[in-house]
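Student: Please work out how this folds:
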Amino acid sequence: MSNFDPNAIIRGAQLTIVGAYRALQNPSLFEMTHYRQALFAVLIGAALRLLISAPIFGMKVLLGFIGLFTDLSAVTWDDDIISSLEFLEHSVLQVSVFLMSAMRYLVPTLDDMFMQSLEWVDKTYLLKHADESPDGLRALYYPNLRMYAGKAGGAGVVGAKDKNGVIEAVKPFLVKYARRAGISIAVYFASFLPVVGRFVLPAASFYSFNKAVGPVPAGVVFGVGLLLPKRWMVVFLQGYFASRGLMRELLEPYFCRIKFDKEQKKRWFREREGLLFGFGVGFYLLLKTPWLGVLIYGIAEASTAYLITKITDPPPPPSASEGFAETQVVWKNKHEFMKLDLDKLDRLNVKSVIKGAENPFASSTARKKGL
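Tutor: Predicted structure coming up:
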């Protein structure tokens with residue numbers, strides 16, 4: 001439970017609020033370009049909402065046509081069909097979250113928001129500690145991270161206009177979602193099997209949580225799953241997986257620049273699992289807001305820039321980046337950060353000792369203060 005304890009989850013949920021608040025304070029987000037992007041996001045959100053509703057609307061039209069020849073007022077199967085379709089789309093397949101996540105492979109807006117927010121976090125940090133010696137401040141994140149090249153087509157960083165680059169970048173995402181959707185549908189329909197069906201969802205929950213929190217908490221989830229209605233268990237299980245998937249997509253602008261191998265990335269997420277889950281589930285619930293989901297997704301991406309500064313070290317220049325990923329697998333200031341009060345999250349301001357990760361604003365700040 002050390003990485004998935006309640007305190008870590010609560011702190012992650014707190015960072016959802018603090019990160020969103022910090023992101024919305026960034027005046028660059030309200031420049032004309034971003035006004036257009038925000039309007040574009042709302043329009044896309046409306047279009048996605050209509051797209052998601054299309055199958056249900058089509059089924060309603062079909063049932064209405066059948067109702068012209070058959071009296072449906074005395075039966076309930078038509079309502080059951082509509083209800084089941086809505087449940088499959090929103091709770092089993094998580095279609096809306098999938099479509100919003102896929103946007104990053106088509107437009108650079110989300111990556112731009114992450115990087116601009118990261119720059120804003122650095123500037124805010126310097127302002128908060130303007131009365132302190134620059135020699136004691138941490139290095140900045142944005143100046144060095146912007147020098148890293150992203151994947152071709154990934155997160156809209158490089159090659160977003162190159163069709164081949166976009167296709168190559170989106171392939172793993174589509175395969176991952178298809179695999180997850182296939183497993184979700186299989187588990188959901190297996191829960192309707194006679195006798196063993198009632199054990200399918202609790203068993204799937206135990207398997208998933210056992211790897212994250214251990215056998216005892218997972219056993220509790222299994223026992224509770226036997227008592228809860230099936231729909232509640234589906235919502236709970238899919239919410240868990242969707243929150244984790246959302247968090248991985250939000251962190252893509254960082255991971256497409258800082259190169260981790262598969263094992264390093266797995267250990268990186270495991271070390272911060274509870275906090276990331278709390279952060280992800282907070283925005284996952286907010287994304288359920290009708291019509292505004294895409295706009296909230298953009299705020300979530302901007303907030304992730306603030307999160308990165310709390311759970312990683314400032315990156316060195318690309319020329320000095322060899323071995324840096326391995327140093328980030330372990331969350332070094334975890335215990336200190338978890339003990340901080342919510343209004344003191346910026347207190348961990350020890351200067352980084354990473355080679356080449358100098359503070360480019362330190363000299364100018366020192367001159368202003370006469371240091």
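Student: When you work out contacts or count neighbours from here on, use the C-alpha atoms and nothing else.
Tutor: Will do.
Student: mind listing what Ser321 touches?
Tutor: Pro315 (C-alpha atoms under 8 Å, 6 or more residues apart in numbering).
Student: hmm, 6 Å instead?
Tutor: By C-alpha atoms under 6 Å, 6 or more residues apart in numbering, the contact list for Ser321 is empty.
Student: Please enumerate the helices of the stretch 251-371 of the chain.
Tutor: In the stretch 251-371 of the chain, the helices defined using DSSP state H, counting those that start in this stretch lie at 252-255, 262-271, 273-286, 293-311, 324-328, 334-339, 362-369.
Student: again but with the stretch 101-250 of the chain, I slipped
Tutor: 109-128, 142-145, 163-190, 197-213, 215-227, 230-250.
Student: Show me what the mean pLDDT comes to for the third one.
Tutor: This predicted structure assigns helix 163-190 an average pLDDT of 75.
Student: picking that back up, and the helices of the stretch 251-371 of the chain: which comes nearest Ala190?
Tutor: Minimum separation from Ala190 across the helices of the stretch 251-371 of the chain (C-alpha to C-alpha) falls at helix 273-286, 25.9 Å.
Student: Same question for that closest one: list its buried residues.
Tutor: Within helix 273-286, the residues scored as buried using 16 or more other C-alpha atoms under 10 Å are Glu273, Gly274, Leu275, Leu276, Phe277, Gly278, Phe279, Gly280, Val281, Gly282, Phe283, Tyr284.
Student: quick one on the thing from earlier: would you tell me which of the helices of the stretch 101-250 of the chain gets closest to Gly12?
Tutor: helix 230-250 (11.3 Å).
Student: Show me what the closest one is packed up against.
Tutor: Here helix 230-250 touches helix 273-286, going by 3 or more C-alpha pairs under 6 Å, 6 or more residues apart in numbering; DSSP states H and E.
Student: circling back: now distance to Ala23 too, for the helices of the stretch 101-250 of the chain, in a markdown table please.
Tutor: Conversion of the helices of the stretch 101-250 of the chain to a markdown table gives the following (distance: least, C-alpha to C-alpha, whole Å):
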| stretch | distance to Ala23 |
| --- | --- |
| helix 109-128 | 6 |
| helix 142-145 | 15 |
| helix 163-190 | 26 |
| helix 197-213 | 30 |
| helix 215-227 | 35 |
| helix 230-250 | 14 |
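Student: mean pLDDT lowest for which of those helices?
Tutor: helix 163-190 (a mean of 75).
Student: what's the angle from it to helix 230-250?
Tutor: Helix 163-190 and helix 230-250 are oriented at 160 degrees to each other (axes from the mean of the first three to the mean of the last three C-alpha atoms, to 10 degrees).
Student: how far off helix 197-213 does helix 163-190 point, in degrees?
Tutor: 130 degrees.
Student: remind me which residues of the stretch 1-150 of the chain are low pLDDT?
Tutor: Within the stretch 1-150 of the chain, the set of residues satisfying pLDDT under 70 comprises 1-2, 30-46, 48-57, 59-61, 63-97, 99-100, 103, 106-107, 150.
Student: Tally up the residues packed near the closest residue to Tyr207 other than its chain neighbours, please.
Tutor: Nearest residue to Tyr207 in three dimensions, chain neighbours excluded: Ala218, at 7.6 Å (C-alpha to C-alpha, 6 or more residues apart in numbering). Look at Ala218: counted by other C-alpha atoms under 10 Å, it has 21 neighbours.
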